[in-house]
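Undergrad: pasting the structure only:
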């Protein structure tokens, strides 16, 4: 009987043990901020690599890198600290007690559960390796490789059932060589050897070497999120104030359009004239000449610029002339310290936080290529993207641009086919648009004149009375020429059309008893041109 109970207990324990995880995550410290690092050796790149995270060496050089979504370090205080932290993490991984002893040939469709996996010699990864967290997002996977690690072309580590790359660790006692098109997940710590990553490789994790060169070519590598890593929210957004009501604006300079340009938001200047915009194509207020609104906008724009321009930056993009080229940025304040040439595409990754803020500071002129694109991913919002540019701005044909451009002392030129989800605003300089679309994002609720177009207040060729009105409103036209193809439209405070009628007589009475008490706005259009607009008050 005792033997039977003993055997049953042994079987039960054997069934339970494989489902337990004895793996312990190491303490990375500041090494968690690095996507590529070596304590001793060169860090080299060829081709266009997209990297998110710091890059550095504590004894060597960084060469061949373009813009990196992180800070480049070489033999400084940050690399000295990282050096120490990598050694500690390596020691902790080495001390983990193995729970599984798999074949040296990993992948090939195998599925592994959380635990410590020990391979005494060299190992290879081919095809797909599945890491199954069994619904536990805290499950840890540790791989102790006693020799070099190589991956076959197009091999992939895939995470399923809640597994996270931030909980996967590889301790390798030799060269790590990834064939083209491989996908690795987890933090790789290489002892006394190099790591080579090739074209099309992806690393969701980190590659950290103890005394070995790090060489990459045309890869995508990014530090993983989760596991108590800091949530990136970016800086606090500026207060746009009245500038938030405008799609296109200059504090000091003419605002001129040619072609058919569609705007959502106001357009105007506080010094000069606004010309060429058709009321039919503008959902907002056209300010042909400076007025009270443009004065407030000028003041608020200056305040917003001063805030954005003095924000301390987190990351310097070192190669402004190479900006774009599928670069991926996360919520931070970035700076480029000279003129920028934006080519191809830029991805803004909010890491699933729709409130995350991006600020890009440019100390120089800013120009885009034809068909350039700012692409929002993982929850990024155009309303949360700000470009503060100390120089002229040129957005080229058929570009798609997301965010509010705040230009200081520079002209803005936006040309055929460009689409702006945001605003183009300058503190001083001419703004020229030509057959484009600008949609001001997140227009403040106090922009009560949205949907209404202003005209010269001195024009009294049209009179509406009484104001306030009750059951009827009289319209008097003094200019015979205006009666040719003329109509009146009345809007509520939300910019919704509530009444529209043709005007064919010098005196017309409109029945208004159905308009509830409140504030309304009107525009009188003759031959598709707004000839008068204003505010009306209903007192029913």
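TA: Cool, got the structure. Quantities reported herein were computed from a predicted structural model and do not represent experimental measurements. Numbering: from 1, shown residues only.
Undergrad: make it CA atoms for all contacts and neighbour counts henceforth
TA: OK.
Undergrad: what about the helices in this protein?
TA: For the chain, the helices defined by DSSP state H cover 2-16, 77-95, 292-310.
Undergrad: can I get these in a markdown table with mean neighbour count, mean pLDDT and distance to residue 363?
TA: Listed next are those as a markdown table, based on neighbours: other C-alpha atoms under 10 Å; pLDDT from 0 to 100; distance: least, C-alpha to C-alpha, whole Å:
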| stretch | mean neighbour count | mean pLDDT | distance to residue 363 |
| --- | --- | --- | --- |
| helix 2-16 | 11 | 40 | 62 |
| helix 77-95 | 18 | 97 | 27 |
| helix 292-310 | 19 | 94 | 9 |
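Undergrad: domain ranges for the chain?
TA: Domain segmentation of the chain under automatic domain parsing yields 29-222, 241-439, 462-538.
Undergrad: Averaged pLDDT, the shortest one. What do you get?
TA: If I follow you right, that is domain 462-538. In this model, domain 462-538 has a mean pLDDT of 82.
Undergrad: Give me the distance from that domain to the chain's centre.
TA: 43 Å (C-alpha atoms, centre = their mean, to the nearest Å).
Undergrad: so how far is residue 196 from the closest residue to residue 369 other than its chain neighbours?
TA: Nearest non-adjacent residue to residue 369, counting by C-alpha to C-alpha, 6 or more residues apart in numbering: residue 343, 5.1 Å away. Using C-alpha to C-alpha, to the nearest Å, residue 343 is found at 28 Å from residue 196.
Undergrad: what does residue 376 give?
TA: Taken as C-alpha to C-alpha, the span from residue 376 to residue 196 is 31 Å.
Undergrad: Give the ranges of residues in the chain that sit below the confidence cut-off.
TA: Under the criterion pLDDT under 70, the flagged ranges of the chain are 1-22, 448-461, 493-495.
Undergrad: So which residue is dead centre in it?
TA: residue 348 (2.7 Å; C-alpha atoms, centre = their mean).
Undergrad: need the contact list for that residue.
TA: Residue 348 sits next to 328, 329, 330, 331, 374, 375, 376, 377, 380 when contact means C-alpha atoms under 8 Å, 6 or more residues apart in numbering.
Undergrad: Tell me the bridge partners for the fifth one.
TA: The one in question is residue 374. residue 346 (DSSP bridges).
Undergrad: From the structure, what's the count of residues near it?
TA: 21 (other C-alpha atoms under 10 Å).
Undergrad: what about the residue nearest to residue 108 when sequence neighbours are not counted, how many residues close to it?
TA: Computed as C-alpha to C-alpha, 6+ apart, the closest residue to residue 108 that is not its neighbour in sequence is residue 127, at 5.0 Å. For residue 127, the count of nearby residues is 17 (other C-alpha under 10 Å).
Undergrad: Could you verify my assumption that residue 127 touches residue 181?
TA: No: using C-alpha atoms under 8 Å, residue 127 is not in contact with residue 181; the gap is 11.0 Å.
Undergrad: sorry, back to before: go through the contacts of residue 348 and name the one nearest residue 274.
TA: residue 374 (28.0 Å; C-alpha to C-alpha).
Undergrad: Test my guess that that closest one contacts residue 400.
TA: Yes: here residue 374 reaches residue 400: they are 6.1 Å apart, a contact under C-alpha under 8 Å.
Undergrad: So what pairs up with residue 156 in the strands?
TA: Bridge pairing for residue 156 - DSSP bridges - gives residue 128, residue 183.
Undergrad: residue contacts, residue 221?
TA: 35, 49, 50, 51, 52, 202, 203, 204, 205, 206.
Undergrad: again, only this time at 7 Å
TA: 35, 50, 51, 52, 202, 203, 204 (C-alpha atoms under 7 Å, 6 or more residues apart in numbering).
Undergrad: Hmm, the fourth one is touching residue 67, no?
TA: No: using C-alpha atoms under 7 Å as the test, residue 52 is too far from residue 67 to be in contact (10.0 Å).
Undergrad: can you list residues touching both of these two?
TA: Common neighbours of residue 52 and residue 67 (C-alpha under 7 Å, 6+ apart) do not exist.
Undergrad: What ranges does the stretch 401-540 of the chain have for its strands?
TA: 412-414, 419-426, 431-434, 437-439, 462-465, 472-477, 486-491, 497-503, 507-511, 518-526, 529-538 (DSSP state E, counting those that start in this stretch).
Undergrad: Of those strands, which stretch is the most buried?
TA: strand 419-426 (a mean of 28; mean count of other C-alpha atoms under 10 Å).
Undergrad: got the angle between it and helix 292-310?
TA: 90 degrees (axes from the mean of the first three to the mean of the last three C-alpha atoms, to 10 degrees).
Undergrad: roughly how far is strand 419-426 from the heart of the chain?
TA: Worked out by C-alpha atoms, centre = their mean, strand 419-426 lies 15 Å from the chain centre.
Undergrad: which helices and strands does it pack with?
TA: Secondary-structure packing of strand 419-426 (3 or more C-alpha pairs under 7 Å, 6 or more residues apart in numbering; DSSP states H and E): strand 246-250, strand 400-407, strand 437-439.
Undergrad: Now do that strand: everything it contacts.
TA: Strand 419-426 is contacted from outside by 247-251, 382-383, 399-410, 436-441, using C-alpha under 7 Å, 6+ apart.
Undergrad: can you tell me how far residue 133 sits from residue 373?
TA: Taking C-alpha to C-alpha, one finds residue 133 at 38 Å from residue 373.
Undergrad: With residue 295 instead?
TA: From residue 295 to residue 373 the distance is 33 Å (C-alpha to C-alpha).
Undergrad: Quick check: closest non-adjacent residue to residue 134.
TA: That would be residue 161: by C-alpha to C-alpha, 6+ apart, it lies 5.3 Å from residue 134.
Undergrad: Touching, the one you found and residue 131? I think so.
TA: No: when contacts are counted by C-alpha under 7 Å, residue 161 is not listed as touching residue 131 (8.4 Å).
Undergrad: who's more crowded, these two?
TA: Neighbours were counted for residue 161 and for residue 131 using other C-alpha under 10 Å; residue 131 has more, 25 against 13.
Undergrad: so who does that one touch?
TA: Here residue 131 is in contact with 111, 112, 113, 158, 159, 160, 163 (C-alpha under 7 Å, 6+ apart).
Undergrad: One more: residue 39?
TA: 57, 58, 59, 83, 209, 210, 211.
Undergrad: Go again with 6 Å.
TA: By C-alpha atoms under 6 Å, 6 or more residues apart in numbering, the contact set of residue 39 is 57, 58, 83, 210, 211.
Undergrad: In strands, which of these appear?
TA: 57, 210 (DSSP state E).
Undergrad: will you turn the contacts of residue 39 into TSV that also has distance to residue 282?
TA: TSV is the format used below for the contacts of residue 39 (distance: C-alpha to C-alpha, whole Å):
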residue	distance to residue 282
57	54
58	57
83	58
210	61
211	62
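Undergrad: Just the closest of the contacts of residue 39 to residue 533, please.
TA: Among these, residue 57 lies closest to residue 533 (C-alpha to C-alpha), at 65.1 Å.
Undergrad: Tell me which residues touch that closest one, please.
TA: 37, 38, 39, 74.
Undergrad: partners of it in the sheet?
TA: residue 38, residue 74.
Undergrad: Next, the buried residues of stretch 52-69.
TA: 52-62, 65-69 (16 or more other C-alpha atoms under 10 Å).
Undergrad: Out of the residues you listed, which comes closest to residue 394?
TA: residue 67 (21.3 Å).
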